[in-house]
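S.K.: my questions are about this predicted structure, shown below with the sequence.
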Amino acid sequence: MNAKTDTSLPAIARLLGRLDGRMLFWLLVLAGVLLALSDFAYHRHEIFDFEAVPLFYAGFAAASVLVLVLAGGIFRALFKRGENFYAPFSTDSEPPLKAQERDHA
Amino acid sequence: MLSAILAHAPALQTVVPLIAAPLCVLFGRRHLAWAITLAASLISALFAAYLLAQTLDGSVISYELGGWAPPLGIEYRIDAVNAFVLFIVASVGALVALYARESIEQEIDPALHVYFYTAFLLCLTGLLGVTITGDAFNVFVFLEISSLSTYTLVALGAGRDQRALTAAYNYLIMGTIGATFFVIGIGFLYMLTGTLNMADLAERIAALGDNRTLRIAFVFIFVGIGLKLAMFPLHLWLPNAYSYAPSVVSVFLAATATKVAVYVMLRFLFTVFGFDYGFQAATLQTIVVPLAVIAMFASSIVAIFQSDLKRMLAYSSVAQIGYILLGISLLNKPGLTAGIIHLFNHAVIKGALFMAVGAFVYRIGSSRIEDLRGIGKQMPWMAAAFVAAGLGLIGVPLTAGFISKWYLIQATLDEGAWWLALLIVGSSLLAVIYVWRVVEAMYLAAPVQDAPVKKAPWSMIVPTWIMVLASLYFGINTELTGKAASTAADLLIQATQIEKAPETVPGAPAAGE
Amino acid sequence: MHHHLILRVVSKMLIPPILLYALYVQFHGDFGPGGGFQAGVIFAVAFILYGIVFSLDHLRRAVPPHIVRRFVALGLLIYAGVGVANLFLGGNFLDYSTLAHDAKHGQHYGILLVELGVGITVAAVMISIFFAFASRPPTIKDTDW
Amino acid sequence: MPDIFPPALIFIAAAIVLPVLPKGNLRALFLLAVPLVAAHEIWQLSEGVTHTYELLGYSLTLMRVDQLSIVFGLIFSFAAFLALLYAWHVKDTVQQVTTLLYAGSAIGAVFAGDFVTLFIFWEGTAVASVFLIWARGTEGAYYTGMRYLIIQIASGVILVAGMALHYHETGSLAFGALTLGSLGTWAILIAFGIKAAFPLLHTWLPDAYPAATPTGTVVLSIFTTKLAIYSLARSFAGTEILIYIGTVMVFWPLIYAAAENDLRRVLAYALNNQLGFMVIAVGIGTPLALNGVAAHAVAHILYKSLLFMAMGAVLYRTGTAKASGLGGLYRSMPITALLCIVGGLAMSTPLFAGFVSKSLILSSVAKAYEPLIWAALLFGSAGIFYVAGVRLPYLAFFGEDKFAGAPERPKEAPWNMLLAMGLTAASCFALGLMPATFMSFLPYDVAYDAYTPDHILTQLQVLSFTAIAFFALWRFGLIKRPAPGILVDSDWLNRRLALAIVKLGAYISRNMWGLMSRTATRRLDAFLASIYRAHGPQGPLARSWPAGSMVLWIAVLLGFTLILSFSQSL
């Protein structure tokens, strides 16, 4: 069922449902493009030389995410173990907390 | 009126419990006897506090009994050293009196309660008297008063365990031997000098010079008191006496009796004999230091293997006395200070521990460690008290026990005896083991019985926690203990001519220098 | 010892003089040898003799144990009470000089009172000890010796 | 001034009183009042040194008040208030008492004027906080708590050793600026570094925080690490090595945060990364940088609590905080979702506190002309926004609805949690809106304006392109919802490798030197047995019945002492 139109959900949920679609992405892209264009309209006071490169911040951020995702993927491939790896000495392998336990905790 | 009473505080210190004791018997009602005991012990604790406040600055109070001037008459002579010990004994006495009412309900036949209170008051009188008096023979008299009443008190444990009778009998034999040795020593001194007043003895001994009679007197007094203070290997009476006595008696004895004996040892070593001739120093350093170290280890290891909590604590006491003796035998000011502070701290800590054990005995009728499994959940206050005091016994920072060990280690380092410092730390680790055994049983093991155990009565919880909080308080605020002990150490050192008494007060430099 | 007639008669004759002698030792103590300790023991001997010869029950009737125990306390109380009385009269503890108009008489009264206290306690303690030992049921019967 | 009651003691006194109060609203109100009273006290403090006391002959300072300690004291009190509001529904006395003690110890440490006082409170935070982990009540939580406690206590022990060495060397116990060089100062740095989760010393943090109770983790996230940052700022400002340590801290945890499945562990790693920002700024050590440290600590406490609160609410309602078991939650917990997004934005978006503080740190690094470090920080800002501001809310609240077929949908978080999160978000917002007021609290008087067009534009670019990159990569399937499983960190070294080495060693000794080890074991056994024979219950040293042996000992001792005494020359 589509959360945007499900009237059994609260209003905020429906609003968030809209974000969960493509609209948010394209809104973001629009904002990004506008912000990137501002680089050409507005002259920044840079401290480092490389800051002056147009689209430096935008590119750096996107590259950072890419690097991070790749690094994360490599780490996951290398270091991922089952949840029972340290059992019984850690909480990772334990079943979800039951309702009354959560209330006590 | 008040000042008139306070003028006689030294006499009243011992007279109040002395009069209260026969009153208990005369009235013959146990609840009334308890009220009398509590009142008398509280009053004498107040007197002790007053005397301590008077002497903390290093001044000396002299009181002539019967108006006969010393050296002929008996003199009560109070300085910072014995005022401090008086304070320990009297304040522990007051707490024990409060604690006793419920505790003995379970352990002593109600018909004997009156006699318990009487014996307790007499024991208190004796211990206070030993401490306060300035007359060597008077020391012996009071020592006997306290010892005889102690034998009675230990024997009262027969209601719980018949072996208390044998323990009391053995203690009687050994205690009497000790007292006899002591009085033989006093006899030699009297033969030599013709006086019994301690201050006078000191002067005459100094004037007389070294001789063999003096040495024999010293040896007899040393061994006699060594037995009374449970110096290893003369401690054999202690474990049985402590473990078979009624719990409240264990509390009282552990916190006071050996401490008073240590005081007597200090008094004779420093004030009466002085260190002019070297033979005492040699005795201390060649005999007491090794014995103290052996006590620290052997008794701690024995404690680890004990299955009965009271017995374990008793052996731990022997080890702790080792620390005190070690501090004294170092013959420097930090060492003496450490010994005297540990006198106090150990009284508080061991008192608290035995009180907690007494509560366990009260509720579950046993002090065996395996019967205490799971008690941490059932008697949370007392179990927590035991743990808190146990930390003090180990010497964890912020407890009183740490302060003692800190001074003691300082003292050994001042002597350059770093190996002693290592041994002290090492034996503290043994304390970790035996305290942990109990903690493990109390908190981590499954409860041994299903029947719910009730919380201890408040009249036991309150004094126990006063002791525990005191042990924590004196671990943080060392003003009272530190000052009293260092004044006492100063006085003792002044009384002799130890050349090497160094001016290094541990930790004197302030932060931010 | 019912059948020991001689013993019974002799004891009956001896007991009063023993008591009298005890009192003599007690009160003559400040002039000659004697005093509370000795007098107390002698005093107690009279009772103990009575107990041995005429049976414990007779003795119990004559001096009930609970009374004896109170006397133990009483003697001590007299001793300490004299000392405290001195305090109230303005002297030090046990300063007998304050007990009378002059020091000499004061010392005299004081020592008499204190010795009396000692005497009472010692006598009572001795009788108590006798009770304690004699009341104990023998672990081995007389006939089995 | 001396009539001001030390704020730490307010907490401790309240912790003692608390168990006496009946459980219920009265107690909860009392709990809330405590940090407010303390904050009020701290607000009124004026700079100076008060409450000196004596311990073991050292003169110590309980209250050393200056602007740095006031900032930390205030934020600790306020965050404690928020956390306690968040935990309003918790009826567990142990957690309530330990939260108060923990907050009290942290605040006490902040105002400590010397290392002894610092040490006391330092250990206080360690001991009090472990109960928040144990309160979860499972076996795993018990072991995790034990590991946590051991490491925290070790930090205290190292601190005390360093303190002793330092005192031995300089004769000073003052908790002030130190210069690295001697063994003592290094030990102190390592002690601080353990709590500040320096690389390789950090494993306790991602290990312990996900194991605590939903409310407990919020409390844990506030104090320990920020106390360490405060201590570093106090003692090691301008120490160059910290810059490099901090840089590693920015990178290393971020990668784990980007790959982790347990979202509370993601936050723990993200927290570690933010600590790196602060450590770098401490290393820079200029007044501007130190202002940045204080400001970032404040902002970071707020937004990281908000995020931990949101994840706590999720855990509370669904029983799990693992991304693999979550998704589409916005349908059930829309307000929580919204507040979580606000928390993500609060990290660095203009109008929020995090923007101001991060700009301060970035500017201070730029002014110190450290291009590489600066680039690392920029990477860190983008990365942290990706990890905690976009990925985390998305995985928890959006995407496939994992609860669609469940018999009962999770409910919205309880009112107190929502109120606490709302208040936290509002305070992030308030601080971001009033940068001048925020700045006026900071320790140094340095003019700084975060809201320049440059900062706003560049920051918005970073944020928007981070988000765009995330969504784009998600579409291409490069970022996926993680599968169940854990990532091993360097704690593998001590938890597995060390164990394996021991086992290997045992294996080798069993086989190759079997004979030797058997002999050694036999010797050891024999030694232990002899100790037992001597000291055990039946041993001669434990025998106490025969009076005769005692008399023998007396005779021996008497004889020996007499001989000794006579052998001395007259």
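M.R.: Good, I have the coordinates.
S.K.: quick one, helices of the stretch 301-450 of chain D?
M.R.: D:334-346, D:353-367, D:371-384, D:392-397, D:415-433, D:435-440 (DSSP state H, counting those that start in this stretch).
S.K.: of all these, which lies closest to chain C?
M.R.: Closest to chain C of the helices of the stretch 301-450 of chain D is helix D:415-433 (Cβ to the nearest Cβ; 67.7 Å). Every residue, glycine included, has its C-beta placed from N, CA and C.
S.K.: buried residues in the closest one, which are they?
M.R.: Of the residues in helix D:415-433, those buried by neighbour count under the rule 16 or more other Cβ atoms under 10 Å in any protein chain shown are D:416-418, D:420-421, D:423-425, D:427-429, D:431-432.
S.K.: equivalent analysis for stretch B:35-47, please.
M.R.: Per 16+ other Cβ under 10 Å, stretch B:35-47 contains these buried residues: B:Ala35, B:Ile36, B:Thr37, B:Leu38, B:Ala40, B:Ser41, B:Leu42, B:Ile43, B:Ser44, B:Ala45, B:Leu46, B:Phe47.
S.K.: so the last one is in contact with B:Leu12, correct?
M.R.: Pointing back at B:Phe47 there. Yes - counting by Cβ atoms under 8 Å, B:Phe47 touches B:Leu12, with 5.8 Å between them.
S.K.: coming back round to it: need the helices of the stretch 301-450 of chain D in a markdown table (columns: distance to chain C and mean pLDDT).
M.R.: Shown next, in a markdown table, are the helices of the stretch 301-450 of chain D (distance: least, Cβ to the nearest Cβ, whole Å; pLDDT from 0 to 100):
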| stretch | distance to chain C | mean pLDDT |
| --- | --- | --- |
| helix D:334-346 | 78 | 92 |
| helix D:353-367 | 76 | 91 |
| helix D:371-384 | 82 | 92 |
| helix D:392-397 | 82 | 91 |
| helix D:415-433 | 68 | 93 |
| helix D:435-440 | 71 | 88 |
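S.K.: low-confidence ranges in the chain?
M.R.: Picked chain A for this. A:1-5, A:21, A:97-105 (pLDDT under 70).
S.K.: could you do chain C instead?
M.R.: C:1-2, C:138-145.
S.K.: near chain B, which residues of it?
M.R.: For chain C, the residues in contact with chain B (Cβ under 8 Å from any Cβ of the partner chain) are C:66, C:69-70, C:72-74, C:76-77, C:80-81, C:83-84, C:86-87, C:91-97.
S.K.: ok, of those, which come out buried?
M.R.: So, by 16+ other Cβ under 10 Å, the buried ones in these are C:69-70, C:72-74, C:76-77, C:80-81, C:83-84, C:86-87, C:91-97.
S.K.: how is chain D divided into domains?
M.R.: D:1-211, D:237-402+D:410-486, D:491-567 (automatic domain parsing).
S.K.: is any residue of the last one near chain B?
M.R.: Yes - part of domain D:491-567 sits close enough to chain B to count as contact by Cβ under 8 Å from any Cβ, namely D:531-532, D:534-537, D:539, D:541-545, D:547, D:549-551, D:553-554, D:557-558, D:560-562, D:564-566.
S.K.: sorry, back to before: deepest in the core, which of the domains of chain D is it.
M.R.: domain D:237-402+D:410-486 (a mean of 23; mean count of other Cβ atoms under 10 Å in any protein chain shown).
S.K.: okay, which residue is most central for chain A?
M.R.: Closest to where the C-alpha atoms of chain A average out (Cα atoms, centre = their mean) is A:Val65, at 9.5 Å.
S.K.: ok, that one touching D:Phe470?
M.R.: Yes - A:Val65 is within contact range of D:Phe470, at 6.1 Å (criterion: Cβ under 8 Å).
S.K.: joint contacts of the two?
M.R.: Common neighbours of A:Val65 and D:Phe470 are listed as D:Tyr386 (criterion: Cβ atoms under 8 Å, 6 or more residues apart in numbering or on different chains).
S.K.: picking that back up, restricted to strands, list the buried ones among the residues of chain C next to chain B.
M.R.: Assigned to strands by DSSP state E, none of those qualify.
S.K.: all set now, cheers.
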